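*Asks:* what's the 3D shape of this:
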Amino acid sequence: MNQTALAYLLTRVLDTPFWGLFNLIPFILYKDLKATPFQLALVIAMRPLVSILSSYWSTRAAKMPHGLRSSLFYGRVFAYLPFLAIPWINSSWYLIFCSGLYMLLQVGMMPSWMELLNRNLEAKVRDKVFSYAQAFGYLGGGLLPFALGWVLDKNIKAWAFMFPIAALVGLTAYFWQKKIVYSTRTMTTHPNPFIQPWKNSWELLKRRKDFAKFQLGFMWIGAGLMIIQPTLPVFFVDTLNLSYTELGVAITLCKGIGFASGTPFWHKWIQRVNFFFFGAVIATLAIVFTGLLVASQMTLVSLYLAYLVYGLMQAGNELSWNMSGPIFAQGEDSSPYSTINVIAVGIRGIFIPLLGAFCLAQFGPFSSLYLSALFCFIAACTMLHFSRSNYTSNEIIKT
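*Replies:* This next block holds a predicted model:
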């Protein structure tokens, strides 16, 4: 197996235990650390908001010796190390800090990973490796709830010792990442690292109208999924009265099954259909997800179905988001395209979670669910409209 593919797959495998725990952080904060509504909104908002700062990490990585590998090594070390101190620092603010730093560096490393896959793998192999690595991560994480949920329900502080163990497991991926070799290519350097990424992104969007259209449609999808995040911990704990085990089964197991089962379909379909029509289908599934969440107040079956649909939707969503850089780049350096994706997430993160928290405080949890469905409906219509456009030879063509 290609060394880059092997390193990426094993990194995803070794990250799986940590990712299963990381997804429970909002609920750990609310149930065990008695976080305030402001802290919950902050931890939700930080995840996309740090994406703006993460673009500077990916920009800086281009200047490091062996920049792509260095980005992965130092990024992972700095992301995981703070979690080693969690057993001795019983603070909601410290867990929020660890969460924000982890997301900043995880997102910041993504352009490096996408560029390594773009350089060292053929397009079909690249898409396949990425899809199946993500599927394993979700499905592997789906097996954890039965152990994690039972342990956390019996011992509410067990998570404090699970985080350091999972972090150390994730750091062992270095032994495979250091073996990655890649062809040299002129990388874009920035005389002003604070302004130039924004300027270059704007120039790229003006030059590539097709990619700008993708960003517009995806902005609505992202907003629809993001606005409900501050609501979910309160909705699950106070409205549905879920235990950790029930949370794990719904959020991790059902989502993992949906993601894994949908991955082969999305992997084949993205190569056959118009890329914007692909996005319209994803947005439609997001609408179905929010509808099932609303219905879950009547039966938990709807909650489990909701996260099966969410996993199916997210498999296509992550594939299109992460692969859009290499797909639109068409042989160019894909890092600038991926960096725009990261910046767009950060821009959404400035406003959308705060809007969701405001709706939660003023109108209750269902208001943000309805807004989510509205945003995703706009996204589906936008993507469907763009799918009917005719592209010139310098733009992507998927038929």
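*Asks:* going forward, measure contacts and count neighbours with C-alpha atoms only.
*Replies:* Will do.
*Asks:* Can you tell me the SS state at L242?
*Replies:* With DSSP: H, G, I helix; E, B strand; the rest coil as the basis, L242 sits in coil.
*Asks:* ok, for V43, nearest residue in space, not its chain neighbours?
*Replies:* I96 (5.8 Å; Cα to Cα, 6 or more residues apart in numbering).
*Asks:* Quick check: which element contains that neighbour?
*Replies:* Per DSSP states H and E, I96 falls inside helix 92-120.
*Asks:* Can you report how many residues lie near the residue nearest to V43?
*Replies:* By other Cα atoms under 10 Å, 21 other residues sit near I96.
*Asks:* what packs against the helix holding I96?
*Replies:* helix 3-22, helix 37-61, helix 67-80, helix 300-329, helix 335-363 (3 or more Cα pairs under 8 Å, 6 or more residues apart in numbering; DSSP states H and E).
*Asks:* rank the ones you listed by pLDDT, which is bottom?
*Replies:* Note on the helices and strands packed on helix 92-120: helix 37-61 shows the lowest mean pLDDT, a mean of 67.
*Asks:* Please, where are all the helices along the stretch 151-300 of the chain?
*Replies:* For the stretch 151-300 of the chain, the helices defined by DSSP state H, counting those that start in this stretch cover 159-171, 174-177, 196-207, 209-226, 231-234, 244-247, 255-269, 275-295, 300-329.
*Asks:* closest to I89 out of the ones you listed?
*Replies:* helix 159-171 (9.1 Å; Cα to Cα).
*Asks:* Against which helices or strands is that closest one packed?
*Replies:* helix 3-22, helix 67-80.
*Asks:* Could you tell me which residues within it count as buried?
*Replies:* W159, A160, M162, F163, P164, A166, A167, L168, V169, G170, L171 (16 or more other Cα atoms under 10 Å).
*Asks:* And the residue most central in space within the chain, how far from D15?
*Replies:* Closest to where the C-alpha atoms of the chain average out (Cα atoms, centre = their mean) is E318, at 6.9 Å. According to Cα to Cα, to the nearest Å, E318 and D15 sit 17 Å apart.
*Asks:* try F358
*Replies:* 34 Å.
*Asks:* So which of these two has more stuff around it?
*Replies:* D15 (22 against 17).
*Asks:* Was I right to think the more buried one contacts V169?
*Replies:* Yes. The pair D15 / V169 is scored as a contact, 7.4 Å apart, by Cα atoms under 8 Å.
*Asks:* what sits in contact with each of those two?
*Replies:* In the contact map built from Cα atoms under 8 Å, 6 or more residues apart in numbering, no residue is linked to both D15 and V169.
*Asks:* residue ranges with poor pLDDT in the stretch 101-250 of the chain?
*Replies:* Within the stretch 101-250 of the chain, the ranges that satisfy pLDDT under 70 run 123-124, 127, 135-150, 153, 156, 181-197, 244-245, 248.
*Asks:* quick one on the thing from earlier: now, among the buried residues of helix 159-171, which is nearest to G75?
*Replies:* L171 (10.5 Å).
*Asks:* quick one: R126 and N118 touch, right?
*Replies:* Yes. Under the criterion of Cα under 8 Å, R126 makes contact with N118 at 6.9 Å.
*Asks:* of the two, who's got more company?
*Replies:* Of the pair R126 and N118, N118 is the one with more neighbours under other Cα under 10 Å, namely 25 against 20.
*Asks:* Let me see the contact set for the more buried one.
*Replies:* R126, P326, S334.
*Asks:* Report how many residues lie close to the nearest residue to the second one once chain neighbours are set aside.
*Replies:* Right, the one you point to is P326. Nearest in space to P326, with sequence neighbours left out and distances taken as Cα to Cα, 6+ apart, is S334 at 5.2 Å. Residues near S334, counting by other Cα under 10 Å, number 23.
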